[in-house]
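Participant: sequence unknown, structure follows:
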């Protein structure tokens, strides 16, 4: 089940925070870069961000989450988080689909991931995104950007 994450629920926020740390630690190992902002974020910073969060729940356990912001008709995915125990079960795909379905007035979706995060790259390409560019964020670390556009023509 996918539902909006209620930041007034302290237990759920703590679960999201722990989920985020577990998932991004795996990504950091994949991309050989540990300065990923969510790994450095405090629980207070998480609760104060301006992103919209949806969670994927498996038997009342938070198995994954996606956050995004909207600017006009553009949705930017900020975080795609799946607990390592739930990798390769289609959760990220379901979260992407839910974000798109719940925002029917969106014409473009953007997302970025570390260039070496091959599972994330494959996920986005499989779901209709196109690779735009790779940008060197810090020496030796490349961030790949993807876009899915023409959504208004569905």
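Facilitator: Now that the structure is in, tell me what you want to look at. As the structure is a computational prediction, the values presented were derived from the model and not from experiment.

Participant: longest helix of this protein, counting residues only.
Facilitator: Counting residues, the longest helix in the chain under DSSP state H turns out to be helix 10-31.

Participant: contacts for that helix, please.
Facilitator: 5-7, 34, 36, 38-39, 41, 43, 46-47, 53, 55, 61-62, 64-65, 79, 81-84, 113-120, 141 (C-beta atoms under 8 Å, 6 or more residues apart in numbering). C-betas here are computed from N, CA, C, even on glycine.

Participant: recalculate using a threshold of 7 Å.
Facilitator: 5-7, 34, 36, 38-39, 43, 46-47, 53, 55, 62, 65, 79, 81-84, 114, 116-117 (C-beta atoms under 7 Å, 6 or more residues apart in numbering).

Participant: can you check stretch 83-93 too?
Facilitator: For stretch 83-93, using C-beta under 7 Å, 6+ apart, the contacting residues are 19, 22, 23, 26, 56, 58, 63, 64, 80, 82, 123, 127.

Participant: go again with 10 Å.
Facilitator: For stretch 83-93, contacts defined as C-beta atoms under 10 Å, 6 or more residues apart in numbering pick out 2, 15, 18-20, 22-23, 25-26, 56, 58, 61-66, 80-82, 97, 119-120, 123-124, 126-127.
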